[in-house]
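>>> generate a structure from the sequence data that follows.
(chains A and B)
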There are 2 protein chains.
Amino acid sequence: MSKGKDTGTTPDTKQRIVTAGTELFRRRGYTGTGMKQIAEAAGAPFGSIYHFFPGGKAQLGEEVIRTSGAVYLGLVAALMEPYEDRVAATGDAFAAAADTLSELDFADPCPIATVAMEVASTNETLRQATSDVFDSWIDGLAAYYAGGGIPQTAARETASSVIALLEGAFMLGRAARSTAPVLTAGKAAAAVVRAALAGE
Amino acid sequence: MSKGKDTGTTPDTKQRIVTAGTELFRRRGYTGTGMKQIAEAAGAPFGSIYHFFPGGKAQLGEEVIRTSGAVYLGLVAALMEPYEDRVAATGDAFAAAADTLSELDFADPCPIATVAMEVASTNETLRQATSDVFDSWIDGLAAYYAGGGIPQTAARETASSVIALLEGAFMLGRAARSTAPVLTAGKAAAAVVRAALAGE
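Residues are numbered from 1 along each chain as shown, chains lettered A, B, ... in the order given. As a prediction, the model looks like this:
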């Protein structure tokens, strides 16, 4: 740790800016978050955002989407992969997600969902970034389901639907300020995985 | 049709303002839509928005959420209720939703989803409006599933998960500019309804 003045150009500052962006986006969305708010939340001089992100908010937005996307991919893998039982692992992952939703006081546990909805029709670069992240999650989860004996194509469809269920359940749960839609969706997700394992 | 000058205070003008708000919200979100854009899209004098909505954007937002919520409840009922077979009806509804997604050029087929994500942590009045609308959809769909023999509590859980699947699939489909996630989610939704009918 340096004892000198924070000039706002250290890697540490960059990390704080990306983290602040992530946290604000999942509460206020991309459009509703200003660069000044991000600088304040990061405890960074305003100019330092443009030092790291000369392309401004769009560049910072893309970094937030891709970074948190990669982190979440690792997180889900770490949570689920120790389980042999794909049905139980899926249900338990939704129960853990419900806890997270509550701990976040109903901010979005998914760091890119609100942004994905806002940019899908308005910003092609950011839309592509959210699409790449969703794809990476679907690929990761599909590999896990395939490892449990679900054929490749069905495994990818199962993964896509389980992620859709989780994202939609976060939406309903945030609106209702309740974890019930996520817990309920966990049962449905387990049923979807069970049906795929049975070859239905 | 009046041949006189549009003073911007006719019921017709109000309807155009609400419709323009609905269309802009599903493309740009609530935060990303300005009152001026709504007036322009509605072909209405700027002042006429405040004539009908003295409470400004928040009041217009609530009217858009509640009005389109009621319309969609009727729409889904009209689409599904003629079917005796709840599994087939659910799969077909997702296929129709995939067509709509494509026809809208990947704007959100759900008129309140993007707004729901944006306001959940930032605007209590609008959050409550989106929650009421989701609840009305879940109630309507639950009654339909209960009519097919699924017990009350399970019918409501099934309805909640089917709506979560649809909302999440719209998110993935918009990000990927593809109807595939919605068609895939339709198979998963059918599996969830089938499991509920089997008492699983």
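>>> show me where chain A has its helices.
Assigned by DSSP state H, the helices in chain A fall at A:11-28, A:35-42, A:46-52, A:57-80, A:86-103, A:113-119, A:124-147, A:152-176, A:180-197.
>>> adding mean neighbour count, distance to B:Gly173 and mean pLDDT, write these out as TSV.
Backbone N, C-alpha and C define where each C-beta goes, glycine included. Formatted as TSV, the helices of chain A follow (neighbours: other CB atoms under 10 Å in any protein chain shown; distance: least, CB to CB, whole Å; pLDDT from 0 to 100):
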stretch	mean neighbour count	distance to B:Gly173	mean pLDDT
helix A:11-28	20	21	92
helix A:35-42	17	30	95
helix A:46-52	17	33	93
helix A:57-80	18	18	92
helix A:86-103	18	21	96
helix A:113-119	28	11	94
helix A:124-147	19	10	97
helix A:152-176	26	9	98
helix A:180-197	24	17	97
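>>> put together a markdown table for those helices, with distance to B:Gln59 on each row.
Converted to a markdown table, the helices of chain A look like this (distance: least, CB to CB, whole Å):
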| stretch | distance to B:Gln59 |
| --- | --- |
| helix A:11-28 | 21 |
| helix A:35-42 | 25 |
| helix A:46-52 | 34 |
| helix A:57-80 | 29 |
| helix A:86-103 | 29 |
| helix A:113-119 | 22 |
| helix A:124-147 | 30 |
| helix A:152-176 | 19 |
| helix A:180-197 | 28 |
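>>> pipe those into JSON lines and attach distance to chain B per row.
As requested, these are exported to JSON lines (distance: least, CB to the nearest CB, whole Å):
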{"stretch": "helix A:11-28", "distance to chain B": "4"}
{"stretch": "helix A:35-42", "distance to chain B": "12"}
{"stretch": "helix A:46-52", "distance to chain B": "20"}
{"stretch": "helix A:57-80", "distance to chain B": "10"}
{"stretch": "helix A:86-103", "distance to chain B": "10"}
{"stretch": "helix A:113-119", "distance to chain B": "4"}
{"stretch": "helix A:124-147", "distance to chain B": "4"}
{"stretch": "helix A:152-176", "distance to chain B": "3"}
{"stretch": "helix A:180-197", "distance to chain B": "4"}
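>>> out of those, which is closest to B:Arg156?
Nearest of the helices of chain A to B:Arg156, taken as CB to CB: helix A:180-197 at 8.4 Å.
>>> so what secondary structure elements neighbour the closest one?
helix A:86-103, helix A:152-176, helix B:152-176, helix B:180-197 (3 or more CB pairs under 8 Å, 6 or more residues apart in numbering or on different chains; DSSP states H and E).
>>> compare those helices and give me the one nearest A:Ser131.
helix B:152-176 (4.3 Å).
>>> and the closest one, what does it pack against?
helix A:113-119, helix A:124-147, helix A:152-176, helix A:180-197, helix B:86-103, helix B:113-119, helix B:124-147, helix B:180-197.
>>> can I get the ones you listed in CSV with distance to B:Ala78?
CSV is the format used below for the helices and strands packed on helix B:152-176 (distance: least, CB to CB, whole Å):
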stretch, distance to B:Ala78
helix A:113-119, 26
helix A:124-147, 32
helix A:152-176, 22
helix A:180-197, 25
helix B:86-103, 11
helix B:113-119, 21
helix B:124-147, 11
helix B:180-197, 18
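>>> ok, which of these comes nearest A:Thr33?
Between A:Thr33 and those, the tightest spacing by CB to CB is seen for helix A:113-119, at 9.4 Å.
>>> CA atoms only for that closest one - export them in PDB, please.
Output of helix A:113-119 as PDB, limited to C-alpha atoms (Å, rounded to 0.1, in the frame of the first residue of the first chain):
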ATOM      1  CA  ALA A 113     -29.300  -8.400 -16.600                       C
ATOM      2  CA  THR A 114     -30.600  -4.900 -16.300                       C
ATOM      3  CA  VAL A 115     -27.900  -3.600 -18.600                       C
ATOM      4  CA  ALA A 116     -28.700  -6.300 -21.100                       C
ATOM      5  CA  MET A 117     -32.400  -5.200 -21.200                       C
ATOM      6  CA  GLU A 118     -31.500  -1.500 -21.600                       C
ATOM      7  CA  VAL A 119     -28.900  -1.900 -24.400                       C
END
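>>> so can I have JSON lines of the helices and strands packed on helix A:180-197 showing distance to A:Val182?
Output for the helices and strands packed on helix A:180-197, formatted as JSON lines (distance: least, CB to CB, whole Å):
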{"stretch": "helix A:86-103", "distance to A:Val182": "4"}
{"stretch": "helix A:152-176", "distance to A:Val182": "4"}
{"stretch": "helix B:152-176", "distance to A:Val182": "9"}
{"stretch": "helix B:180-197", "distance to A:Val182": "15"}
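>>> and those helices: which comes nearest B:Lys57?
Closest approach to B:Lys57 among the helices and strands packed on helix A:180-197 (CB to CB): helix A:152-176, 19.1 Å.
>>> between helix B:152-176 and that closest one, find me the angle.
Put simply, helix A:152-176 runs at 110 degrees to helix B:152-176, going by axes from the mean of the first three to the mean of the last three CA atoms, to 10 degrees.
>>> between helix A:152-176 and helix B:124-147, how big is the angle?
Put simply, helix A:152-176 runs at 130 degrees to helix B:124-147, going by the same axes, to 10 degrees.
>>> tilt between helix A:152-176 and helix A:11-28?
Using the same axes, to 10 degrees: helix A:152-176 against helix A:11-28 is 70 degrees.
>>> separation between A:Arg28 and A:Gly61?
The gap separating A:Arg28 from A:Gly61 is 13 Å, by CB to CB, to the nearest Å.
>>> ok, A:Tyr83 next?
The gap separating A:Tyr83 from A:Gly61 is 34 Å, by CB to CB.
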